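Chemist: can't give you the sequence, but here's the structure:
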């Protein structure tokens with residue numbers, strides 16, 4: 001019973017945070033709310049007995065992503081232009097709503113045949129899980145079954161995920177710390193000289 005209360009509470013906080021993100025206009029507040037959303041998601045993963053996913057979400061979502069977004073905000077101008085008020089509307093408001101409703105309906109329909117959460121009759125429990133539990137330590141030498149699956153049986157998949165995260169981080173760092181035009185550097189040097 002306590003798990004249900006915790007799940008409902010975390011989902012409620014996630015929903016409130018999502019609505020707050022949509023309604024905010026300040027970039028700093030939005031970045032902070034994204035960090036809170038990632039932290040709440042990590043808590044939900046812990047409750048769902050997925051500590052490896054929770055750790056990844058906390059490290060990448062709440063940690064690295066928030067730091068990179070804050071670093072980006074530090075490098076951009078303080079003044080924000082009201083993007084939505086100056087942009088002319090080029091589409092009808094009902095079209096995105098229809099697309100979202102159709103996509104959401106298809107996703108909900110697709111979940112009807114999925115076994116219940118933690119069901120012992122699910123294919124993962126009847127086919128693969130017993131093999132991993134029995135053979136993981138013997139075949140890989142790793143005592144933790146989750147680590148054996150991620151590092152050995154799904155090693156190429158994990159390597160691919162790490163490469164994607166690394167590439168994204170490098171791309172963001174290149175965008176943030178890219179070369180500035182010489183005129184901006186010259187103007188900044190002149191301002192520094194004038195201040196002294």
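Modeler: Yep, that arrived. None of these values were measured; they are calculated from a predicted model.

Chemist: how about the residue nearest the centre of the chain, nearest residue that isn't a chain neighbour?
Modeler: By C-alpha atoms, centre = their mean, the chain has its centre lying nearest to residue 61, at 4.6 Å. Counting by C-beta to C-beta, 6 or more residues apart in numbering, residue 61 lies nearest to residue 38, which is 3.1 Å off, once chain neighbours are set aside. Just so you know, the C-beta spots here come from the backbone N, C-alpha and C atoms, and that holds for glycine as well.

Chemist: isn't the one you found right next to residue 66, touching?
Modeler: Yes. Contact criterion C-beta atoms under 8 Å: residue 38 and residue 66 qualify, at 7.4 Å.

Chemist: show me what the host helix or strand of residue 160 is packed against.
Modeler: In this structure, residue 160 is located in helix 155-176 according to DSSP states H and E. Using 3 or more C-beta pairs under 8 Å, 6 or more residues apart in numbering; DSSP states H and E, the elements in contact with helix 155-176 are helix 65-75.

Chemist: show residues contacting the helix it packs on.
Modeler: Applying C-beta atoms under 8 Å, 6 or more residues apart in numbering, the external contacts of helix 65-75 come out as 27, 28, 31, 32, 34, 35, 38, 169, 172, 173, 175, 176.
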